[in-house]
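**Q** below: sequence and its predicted model.
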Amino acid sequence: MIYRVTINDKLYEVEVEEGKASLLRTETAQAAAAAPIIEAPTPAADAKPAAASGALAAPMPGVVLELKVAKGQRVKENDLLLVLEAMKMENPVTAPFNGTVAKVLVREGDNVGEGDMLVEVARPKMTTL
């Protein structure tokens, strides 16, 4: 089910499934009033915006509830990196690809704003023979 929620003049479109929620898009409420309602993105289009670089930002303001990784740790695509509590919901932040945790920029209990960097995952280095 998709919900449209306005907080501080910012519109959030959130898809909720049993046990998890995903932020689909956000914009200012004024722009949303003029914009037509769009279809929810397909899972492929809903990929993490910074997935190519591995830099993962907070999709909305919240609190880091659980940190599941440390710098230097190897992770696989979709491994749980941390849990962000936002709008009284637990939001998983997962690895965009196989790699190594290059940076952990938050601690459990930290308050983060929308767009704040959380974790960076580096792709494995390719070697030539």
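**A** Now that the structure is in, tell me what you want to look at.
**Q** okay, CA-based contacts and neighbour counts for the rest of this
**A** Will do.
**Q** can you give me the strands for this protein?
**A** In order along the chain, the chain carries the following strands (DSSP state E): 2-7, 10-17, 20-28, 55-57, 62-67, 74-75, 80-86, 89-94, 99-104, 111-112, 117-122.
**Q** where among these is the average confidence lowest?
**A** Ranked on mean pLDDT, the bottom entry among those is strand 20-28, at a mean of 63.
**Q** count of residues packed around K88?
**A** 9 (other Cα atoms under 10 Å).
**Q** ok, it to L65 distance?
**A** In this structure, K88 and L65 are separated by 11 Å, where distance is defined by Cα to Cα, to the nearest Å.
**Q** could you chop the protein up by domain?
**A** Per automatic domain parsing, the domain ranges recorded for the chain read 1-46, 48-129.
**Q** number of nearby residues for E114?
**A** In terms of burial, E114 registers 11 neighbours under the definition other Cα under 10 Å.
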